[in-house]
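K.L.:
Here is a sequence together with a model predicted from it:
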Amino acid sequence: MIYYFHATVILSVLLSSIFVLRWRRGISVHFPIIFVFIPIINLGYLSVATSTNVDEALMANGIEYLDGCFLELFFFLYVMNFCKLKMPKIFTAILMTIGSVLLFIAINTGSNGLMYKSAELKKASGVSYLVKEYGPAHAFYYAMIAFYLVINLSVIIYSLTRKHTSKTNSILLLIVYMVIMLSFLFGKVFHPALELLPASYLFSQVIFLIIMSRINLYDVSESAVSSLAENGSIGFASFDLKMKYLGCTEAALECIPELENLYVDQMLAAENKNFAQILECVDQIRNNNDSAFFYVTKNDISYKITVSHLYFGNKRKGYQLRTEDNTLESKAMEALRLRERQKEMEAEILKLEKTAAESANEAKSSFLAQMSHEIRTPINAILGMNEMVLRESKEPGIQEYAENIKSSGRTLLSIINSILDFSKIEDGKMEIVPVNYDTASLIFDLENTIAERAKMKGLGLIIDADESLPRTLVGDDIRIKQVVANLLTNAVKYTEKGSVRLIFRKEKEAEGKVFMSVSVEDTGIGIKEEDIGVMTESFKRLEMNHNRTIEGTGLGLSIVTGLLNKMDSHLEVNSVYGKGSTFSFTILQRVADPQPMGDYWSRAHSHTEELRAKEKLYVPSAKILVVDDNAMNLKVAAKLLGLFGVKADQVSSGKETLETLAKKQYDIIFLDHMMPEMDGIEVLREIRRQELVPDRTKIIALTANAIAGVREMFLSEGFDDYLSKPIEPKVLEGMLGKYLLPEVSVNG
């Protein structure tokens, strides 16, 4: 039995140590006092159990009276604080005084006889224990215990009726108190030397640690409420990871009044439309989205309700709901949408007005398809003709201009591709797509992106690229470009004089992977030290559902952080106010070609020579027809096909296509999608209906429409394949090899 008392002391000290490790500011001050007292009280029980004489046992027994004299008091003060009730200081002082006097009497009862008239030390099962005749002070001690029993139970039961206290924590506190009281009343029912109170104190420590961990979450919620409550136009509510309600601000009740009926720790249920939409948003962001939103109209005011993750440091602790007045923004967006449709899509509006069943999503899809065609058509001509310059010109100066045009054109094309990726915009998903990319070209493109802007401000642009970086890496270069371009843009924007430095370093390479660090240093205005932490914390609270390649559209550092998180990285910020800032990150990439990159500028420019030296497919006997209503596009396609020895026939309308196919057969037909009178799909259907081509003839959709799902749409309509404008020579070469010489492996 003696091992029981030893174990209670050791375990209580261990649990108190765990508390010290987890303690932080903001936790009720009564917690540490309770955790300190429990090991001391358990030590008193152990000392009695190992005593060899009455005086030693009485002294140790006095320590046990810390329970009724002070532990009960601090438990009561904690429960009052938990219920957000205030105790008069004079009342607390009186209870402290009474407890101190009783403790003094208990410790010195051997000499004063007030707590015990007499005491005898006995031993059973190897454990010492006292047989006592109680004195007058002990009756007063029992009265005080009864007093604490009544008021503690009353306050805990009262907490169960309050909406803004945790019912789970209240029940845990009630269980703790009942276990301690029962142990006090029936402490020696099993054996005269066995005390149950030490075990009950261990149980209480475990429950208090559980409560403390839950308070961690409430502190996060309370902090967020405090900061957002300062802005009267923003409402806030929070839930834990199981969607248990934690609290809300008054502003949140203006658009979702049903929140007022919830109790803290109550599970949110889809009992009405608003709650159902909240739960639907949570389901969306659990699938790796950063936030989701819906709209509510109350009293003629439109509110945007955004649901996102709730963080404590780097740990996800629950979900936060933010409400904002969206009326003015909604009206402005509606007016802008009407003006754009009137100028650019009158025909599409007439079509939509006739089809009442079409949804807003279909309208957006049609708009984006039209915009894709209109924007990408001239880009096709620019990049196509520029490709000819790259391949045919031998003048270094002209080559450099053409390379810059190609780099900038590709950057513009990547922006358009992302803006027009309707499916990603609609569902808020952001995907990382790893591809092989040339490291030098990545750095060269970033230099071109920011060089002109830095030059206009008179800033020095320094590119410091580690020549030992692998030549070819595997990763999402578009995402990396977006992150770095945004950091460079911010650096130039907030730097008035001095320079901006872009640094690429190889940190570590092993097992076919490399850690590449990227830093952007500036000599700009810098950031105050006290603002860096606040800024970093805000990254996780802002919306991050923008598309990844929307450059120049006001992407904030929160979006950069979201992209880096997707690539298992994070942004680090170092700044000296008034002197400049450094933004950096380290990203893990797979290595496709481990050869050192060397000088990035020379490597990027060598691509032109590689294009000339590379062996290309040569199929002069191929019979190919190109159909496009744009004369420049026909010229570009013919020039590109000429690289492979093909002299293609060209027609500019669906009607000419049908007439030509009635007279001549082809191996491949490149058929444009958007044409007047008959579009590409209508022409294809007519070709199939009239059986104008044999089965061996491949009909490939040629289109500037590059929104998500277009490839699947063309294949479902009966096309054999899909080729997007601007036409990439490598892609065209691969397609010719696939359908003309399937047994031949084509370079590139």
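P.N.:
Received, thanks. Numbers count the residues shown, from 1 in each chain.

K.L.:
in the stretch 401-550 of the chain, which spans are strands?
P.N.:
Listed in chain order, the strands of the stretch 401-550 of the chain (DSSP state E, counting those that start in this stretch) span residues 435-438, 460-465, 470-475, 499-510, 513-522.

K.L.:
Actually, the stretch 101-250 of the chain.
P.N.:
Using DSSP E, counting those that start in this stretch, strands in the stretch 101-250 of the chain cover 116-124, 127-134, 234-240, 245-248.

K.L.:
Same check on the stretch 251-400 of the chain?
P.N.:
In the stretch 251-400 of the chain, the segments counted as strands under DSSP E, counting those that start in this stretch are 291-298, 301-312, 315-325.

K.L.:
Output stretch 476-496 as PDB - backbone C-alpha positions only.
P.N.:
These are the backbone C-alpha positions of stretch 476-496, laid out as PDB (Å, rounded to 0.1, in the frame of the first residue of the first chain):
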ATOM      1  CA  ASP A 476       5.300  24.200 -60.700                       C
ATOM      2  CA  ASP A 477       7.300  26.900 -62.300                       C
ATOM      3  CA  ILE A 478       4.200  29.100 -62.900                       C
ATOM      4  CA  ARG A 479       3.500  29.100 -59.100                       C
ATOM      5  CA  ILE A 480       7.100  29.900 -58.300                       C
ATOM      6  CA  LYS A 481       7.100  32.700 -60.900                       C
ATOM      7  CA  GLN A 482       4.000  34.100 -59.400                       C
ATOM      8  CA  VAL A 483       5.400  34.100 -55.900                       C
ATOM      9  CA  VAL A 484       8.700  35.600 -56.800                       C
ATOM     10  CA  ALA A 485       7.200  38.100 -59.200                       C
ATOM     11  CA  ASN A 486       4.800  39.300 -56.500                       C
ATOM     12  CA  LEU A 487       7.800  39.800 -54.100                       C
ATOM     13  CA  LEU A 488       9.800  41.600 -56.700                       C
ATOM     14  CA  THR A 489       6.900  43.900 -57.500                       C
ATOM     15  CA  ASN A 490       6.400  44.700 -53.900                       C
ATOM     16  CA  ALA A 491      10.100  45.300 -53.500                       C
ATOM     17  CA  VAL A 492      10.200  47.800 -56.400                       C
ATOM     18  CA  LYS A 493       7.000  49.400 -55.300                       C
ATOM     19  CA  TYR A 494       8.200  50.200 -51.800                       C
ATOM     20  CA  THR A 495      11.800  51.100 -52.700                       C
ATOM     21  CA  GLU A 496      12.500  54.700 -53.700                       C
END
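
K.L.:
picking that back up, looking at the strands of the stretch 101-250 of the chain, which is closest to Gly524?
P.N.:
Put simply, out of the strands of the stretch 101-250 of the chain the one that sits nearest Gly524 is strand 234-240, at 30.0 Å, with distance taken as C-beta to C-beta. From N, CA and C alone the C-beta is placed, and that goes for glycine too.

K.L.:
The closest one relative to strand 315-325, how many degrees between them?
P.N.:
In terms of direction (axes from the mean of the first three to the mean of the last three C-alpha atoms, to 10 degrees), strand 234-240 departs from strand 315-325 by 150 degrees.

K.L.:
For Asn274, see how far away the residue most central in space within the chain is.
P.N.:
Taking C-alpha atoms, centre = their mean, the centroid of the chain lies closest to Asp290, which sits 4.5 Å from it. Remark: distance between Asp290 and Asn274 (C-beta to C-beta, to the nearest Å) = 22 Å.

K.L.:
mind listing the helices for the stretch 451-600 of the chain?
P.N.:
Ranges of helices within the stretch 451-600 of the chain are 477-493, 529-539, 557-566, 600-613, based on DSSP state H, counting those that start in this stretch.

K.L.:
between the ones you listed, which has the poorest average model confidence?
P.N.:
Lowest mean pLDDT of the helices of the stretch 451-600 of the chain: helix 529-539, a mean of 58.

K.L.:
picking that back up, columns distance to Lys738 on top of the strands of the stretch 251-400 of the chain, output as a markdown table?
P.N.:
Below are those laid out as a markdown table (distance: least, C-beta to C-beta, whole Å):
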| stretch | distance to Lys738 |
| --- | --- |
| strand 291-298 | 41 |
| strand 301-312 | 45 |
| strand 315-325 | 46 |
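
K.L.:
quick one, what contacts the residue nearest to Gln595 when sequence neighbours are not counted?
P.N.:
Nearest residue to Gln595 in three dimensions, chain neighbours excluded: Arg471, at 4.6 Å (C-beta to C-beta, 6 or more residues apart in numbering). Taking C-beta atoms under 8 Å, 6 or more residues apart in numbering, we find Arg471 in contact with 438-440, 593-598, 603.

K.L.:
go on, Glu656?
P.N.:
When contacts are counted by C-beta under 8 Å, 6+ apart, Glu656 touches Val627.

K.L.:
What is the subsequent helix or strand relative to the host helix or strand of it?
P.N.:
Using DSSP states H and E, the secondary-structure element containing Glu656 is helix 654-661. With elements assigned by DSSP H and E, the helix or strand that comes after helix 654-661 is strand 668-672.

K.L.:
Show me the contact partners of that following strand.
P.N.:
Counting by C-beta under 8 Å, 6+ apart, strand 668-672 makes contact with 622-630, 633, 637, 657, 661, 680, 683-684, 693, 697-703, 719, 723, 736, 739-740, all of which sit outside it.

K.L.:
swap in stretch 636-649?
P.N.:
Contacting residues not belonging to stretch 636-649 are listed as 380-381, 384-385, 387-388, 391, 616-620, 622-626, 628, 650, 660, 664, 666, 670, 702, 727, 729, 732-733, 736 [C-beta under 8 Å, 6+ apart].

K.L.:
For those, which ChimeraX command selects only the ones that are buried?
P.N.:
Buried residues within the contacts of stretch 636-649, as defined by 16 or more other C-beta atoms under 10 Å, are selected in ChimeraX through the command that follows:
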select :380,381,384,385,387,388,391,616,617,619,622,623,624,625,626,628,650,660,666,670,702,727,729,732,733,736
